[in-house]
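> Return atomic coordinates for the entry below.
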Amino acid sequence: MRLPLLALTGSALALSAAVFAWQVPSARAATTEAPLQATSIADQDISDGYIYLLGRLLVLRQLQLDQQQGMGWNQLVHRKPGAVEWPNPNLDVVYSEGWVALDEGSCTLVHVPPIKARYYTVQFLNGWGETLANINERNFPNHPNGDFAVCLKGASVALPAGVQRLDLPARTARVLSRVELGSDWKEAEALQQQFSMKAMGTPRVPTVPATPLFDPRQLPGVEAFEVAEVALQEPDLNPGMEEVQAKVRTIASRLADPAERARIDQVIRTRAFADLAKAGPKIGPGTLVNGWVRPAVAGNYGSDYLTRTLVNYGGIWGNTRPEVNYYRAAVDAQGATLSGERTYTLTFTADQLPDKQVEYYWSVTATDAKTFRVLPNPLDRFVLNSHSSLQYGKDGSLTLYFGPQKPKDAPQGNWLPTVAGVQYRLLLRYYGAKDKVSSGNYFPPALSAQADVAPPRPVPVTLDNFIRAETDRYFSATVMRAGLGKFGHMRELMPVDRQSVVRANRDTLYSTAVFDLDAGPVTVTLPDAERRYMSLTAINENHEVLGMKYGAGTYRFDRKTAGTRYVLIGVRTLVDPANPTDVSKAWALQDGIGASQPAGPGQFEVPAWDKPSQDALRAALRVLGQGVPDSRGMFGREAKVDPLRHLVGSAIAWGGNPEKDAFYQIVTPVRNDGATPYRLTVGKVPVGAFWSVSVYNAQGYFVPNASQAYSLNSLTAKQGEDGSIDIRFGGCTAQVANCLPIMQGWNYMVRYYLPDSSIVDGRWKLPEAQPAS
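A predicted model of the protein is given here:
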């Protein structure tokens with residue numbers, strides 16, 4: 001199954017390995033402990049309340065992200081196959097999505113085209129992730145298509161003749177339409193385009209609560225309870241939630257006490273996160289058989305808010321059992337974690353074939369255990385399903401293969417590629433499940449690891465090999481996103497919820513590709529960007545910048561000139577994100593980047609570096625980097641860099657440009673406590689392209705903030721009457737221009753693109769920010 005690149009770069013949710021979702025921490029279902037006492041809050045009550053509230057915050061987070069991306073109320077957005085913004089998507093269907101706003105005097109008209117012999121549904125979910133309804137021929141046999149008026153229950157609205165009314169017990173709802181791709185994708189996409197949604201009248205559009213836009217890898221702590229009251233304004237329709245909601249409100253009421261606030265935060269990070277992690281492997285109270293987990297509930301969760309939160313974290317918008325049954329595998333028959341460098345087989349006997357278990361279709365998808373994204377591979381194959389070109393055994397059995405290379409005797413169509421060194425999960429879906437599957441009495445057979453393939457022994461990371469290990473880490477991330485030998489284009493500024501590099505740049509759009517030069521030379525073509533900044537950087541495995549290229553042209557790279565087997569080509573394209581016309585032009589330039597490697601793509605093979613030693617060394621180098629004020633001698637050819645600065649640069653700003661192309665200045669204010677505001681006035685800066693300022697946390701990453709303000713540059717910042725730009729750090733309000741929020745341990749980086757020599761040699765210096773008066 002071939003999908004567009006966007007399927008690999010969606011922004012939804014990517015949790016830390018330690019925690020959640022289908023693999024993450026878990027939450028407990030409703031507790032039976034005694035009611036809260038006025039004088040204390042039990043640790044377990046804090047954990048229960050947090051887990052319950054987190055499920056709602058995950059939905060609100062997605063709503064805010066959707067609106068940031070331009071999704072309006074009461075209108076459908078048609079996605080290309082695979083182009084969805086949440087984890088564990090169903091790659092067998094083409095999606096359309098939107099949000100419905102309803103009130104007493106207005107309904108929303110949904111049109112469904114006639115569809116024969118193809119699975120489809122239009123799903124509605126409330127603000128907690130509970131499925132409210134599905135429009136399809138199973139639920140509306142007498143009106144399977146045509147117009148549907150989706151109304152608030154009890155609304156008084158006159159409807160045209162022939163319109164089927166559907167009442168929802170919610171003023172807002174998430175909408176997802178799914179159309180099975182099948183064997184004819186063009187027909188599926190043509191049907192998708194016929195779905196529509198529009199308001200009947202003028203509904204009151206709700207104000208979206210400003211809840212934390214947290215990075216899923218760093219779940220919120222006690223601050224989650226600061227928005228408890230606004231989050232709980234959305235009715236939870238499930239019975240028995242009054243007790244846990246009372247706990248949430250009680251916890252929120254104690255935040256004014258600094259000591260109690262600190263204790264609540266500590267309990268969240270120790271008890272609640274641990275409860276989530278403990279529940280993750282079995283998706284709460286799910287059942288584990290043959291290494292496959294079947295959730296206890298799906299789509300409608302009743303009192304099991306633990307499972308609801310886990311699903312919202314790792315597979316938001318799950319549907320109900322009558323529509324689909326889910327099984328997830330994280331281990332093989334021996335209980336060992338599935339890992340991409342190993343080969344596994346999954347064999348169904350003739351009487352247990354998945355086609356016999358479903359009315360519609362089945363599918364199996366492999367996703368990264370940490371990010372829940374599909375595993376990039378040269379075949380662009382991310383799923384096996386009823387429509388795949390499968391070969392069956394002489395006895396009628398079916399064997400599927402999962403591994404980094406196709407086993408010698410495996411049919412090509414039965415193999416799903418994995419990525420060496422990446423732990424993953426398999427998600428098996430049965431649509432229109434029959435008999436034992438629908439009743440919960442069926443589990444797929446266990447996965448069998450091939451005995452002749454052993455996982456590689458981790459290679460310890462030392463000062464001598466850190467640069468190579470760190471470079472392999474970034475190369476691997478690129479291959480995971482885009483596959484080997486092809487460009488992956490980020491269509492938005494570096495997403496704060498999945499930052500692929502430390503000290504990321506949010507002034508430009510990234511296009512990156514890794515090439516195996518052992519397979520032959522590669523030629524990269526840049527389009528004519530006219531006066532727009534567009535640069536090409538070539539980096540080898542030693543983190544040497546082989547060269548910088550500007551302007552339209554064709555550029556060739558081979559093993560001899562690169563010096564290593566693999567090379568990463570990165571292209572930065574300047575964009576004004578607030579200008580839709582400029583964004584479209586930047587995207588067109590990205591699409592104009594070409595790559596030709598007739599003998600490619602080759603293979604991607606890197607050592608299994610020992611992560612703990614690599615993480616420890618990186619952390620130590622970042623501490624050392626706090627004393628390095630700028631990027632002199634960090635990036636370039638080996639003969640032109642300072643060895644120590646190059647080592648530090650690989651840890652604190654991997655992928656930087658040589659100073660003649662881009663000069664970086666890192667400033668850590670003395671009072672970077674997150675509470676003291678600072679101010680910086682920037683006058684004329686001697687650069688050939690542009691300059692920018694970005695704020696990071698102590699680890700060098702952007703931290704999500706309600707203002708969505710992370711960087712300013714000389715092209716987009718508001719200028720004063722004298723042409724200077726006044727930048728504020730902290731103390732941000734709607735009335736303060738050019739303001740960047742700060743946090744504990746903050747620092748900022750100034751980037752100078754095509755700097756004048758006076759910047760590089762220190763003759764010209766930008767003043768440092770000072771505490772604001």
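> For Val567, give its distance to Pro376.
Per CB to CB, to the nearest Å, Val567 is found 18 Å from Pro376. The way it works is simple: take the backbone N, C-alpha and C, and place the C-beta from them, glycine included.
> try His543
To Pro376, His543 is 22 Å away according to CB to CB.
> so where's the stretch 301-450 of the chain shaky on pLDDT?
Residues of the stretch 301-450 of the chain meeting the criterion pLDDT under 70: 378.
> 90 - rerun?
314-315, 370-382, 388-389, 404-413, 419-421, 435, 450 (pLDDT under 90).
> so where do the helices sit in it?
Assigned by DSSP state H, counting those that start in this stretch, the helices in the stretch 301-450 of the chain fall at 305-314, 435-439.
> What lies in contact with the last one?
In this case it means helix 435-439. By CB atoms under 8 Å, 6 or more residues apart in numbering, the residues outside helix 435-439 that reach it are Arg321, Pro322, Asn325, Gln357, Val358, Tyr430, Tyr442.
> Relative to the whole chain's centre, how far out is that helix?
Here helix 435-439 is found 33 Å from its chain centre; the criterion is CA atoms, centre = their mean, to the nearest Å.
> buried ones in that helix?
Val437, Ser438 (16 or more other CB atoms under 10 Å).
> now swap in stretch 740-755 and tell me
By 16+ other CB under 10 Å, the buried positions in stretch 740-755 come out as 740-743, 746-755.
> what helix or strand is Val703 on?
Assessed by DSSP states H and E, Val703 sits outside every helix and strand.
> Count the neighbours of it for me.
When counting by other CB atoms under 10 Å, one arrives at 21 neighbours for Val703.
> what's the answer for Val383, then?
Neighbours of Val383 (other CB under 10 Å): 21.
> about what we covered before: now distance to Leu109 too, for the helices of the stretch 301-450 of the chain, in TSV please.
Formatted as TSV, the helices of the stretch 301-450 of the chain follow (distance: least, CB to CB, whole Å):
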stretch	distance to Leu109
helix 305-314	28
helix 435-439	33
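> closest to Met200 out of those?
Proximity to Met200 (CB to CB) singles out helix 305-314 among the helices of the stretch 301-450 of the chain, at 30.0 Å.
> Model confidence score at the closest residue to Gly745 other than its chain neighbours, please.
Sequence neighbours aside, Ala698 is the residue nearest to Gly745 in space, at 3.3 Å (criterion: CB to CB, 6 or more residues apart in numbering). We have a pLDDT of 90 for Ala698.
> Would you agree Ala698 is in contact with Asn747?
Yes: between Ala698 and Asn747 there is a contact under CB atoms under 8 Å: 7.3 Å.
> Which of the helices of the stretch 301-450 of the chain sits closest to Glu492?
Closest approach to Glu492 among the helices of the stretch 301-450 of the chain (CB to CB): helix 305-314, 22.1 Å.
> Tell me the helices and strands packed up against the closest one.
Contacts defined by 3 or more CB pairs under 8 Å, 6 or more residues apart in numbering; DSSP states H and E place helix 305-314 against helix 43-68, helix 273-279.
> Go again with 6 Å.
If you count contacts as 3 or more CB pairs under 6 Å, 6 or more residues apart in numbering; DSSP states H and E, helix 305-314 packs onto helix 43-68.
> Name the residues of the helix it packs on that are buried.
In helix 43-68, counting by 16+ other CB under 10 Å, buried: 43-66.
> show me where the stretch 201-350 of the chain has strands.
287-289, 292-294, 324-329, 344-348 (DSSP state E, counting those that start in this stretch).
> I'd like to know which of those lies nearest to Leu517.
strand 344-348 (31.0 Å).
> Show residues contacting that closest one.
With contacts defined as CB atoms under 6 Å, 6 or more residues apart in numbering, strand 344-348 is touched by Asp332, Ser397, Leu398, Thr399, Leu400, Tyr401, Phe402, Leu447, Ser448, Ala449.
> Give me the buried subset of those residues.
Buried members of the contacts of strand 344-348, counted by 16+ other CB under 10 Å: Asp332, Leu398, Thr399, Leu400, Tyr401, Phe402, Leu447, Ala449.
> and of those, the nearest to Val479?
Ranked by distance to Val479 (CB to CB), the buried ones among the contacts of strand 344-348 are led by Phe402 at 17.8 Å.
> Skipping its backbone neighbours, what lies nearest Arg174 in space?
Nearest non-adjacent residue to Arg174, counting by CB to CB, 6+ apart: Leu125, 4.5 Å away.
> correction: Ala513
Distances taken as CB to CB, 6+ apart put Phe487 closest to Ala513, at 4.3 Å, once the chain neighbours are dropped.
> Could you pull up the contacting residues of that neighbour?
Contact analysis of Phe487 by CB under 6 Å, 6+ apart lists Ser511, Ala513, Ile593.
> Wait, the first one touches Gly592, no?
No: with contact defined as CB atoms under 6 Å, Ser511 does not reach Gly592; the gap is 10.1 Å.
> Which of those two has more residues huddled nearby?
The neighbour comparison of Ser511 against Gly592 (other CB under 10 Å) goes to Ser511, with 22 against 15.
> can you give me how far stretch 612-620 is from the chain middle?
Computed by CA atoms, centre = their mean, the chain-centroid distance of stretch 612-620 equals 24 Å.
> who touches it?
Applying CB under 6 Å, 6+ apart, the contact partners of stretch 612-620 are Pro460, Val461, Phe466, Ala469, Ala651.
> and of the helices of the stretch 301-450 of the chain, who's closest to Leu526?
Nearest to Leu526 among the helices of the stretch 301-450 of the chain is helix 305-314 (38.9 Å), distances taken as CB to CB.
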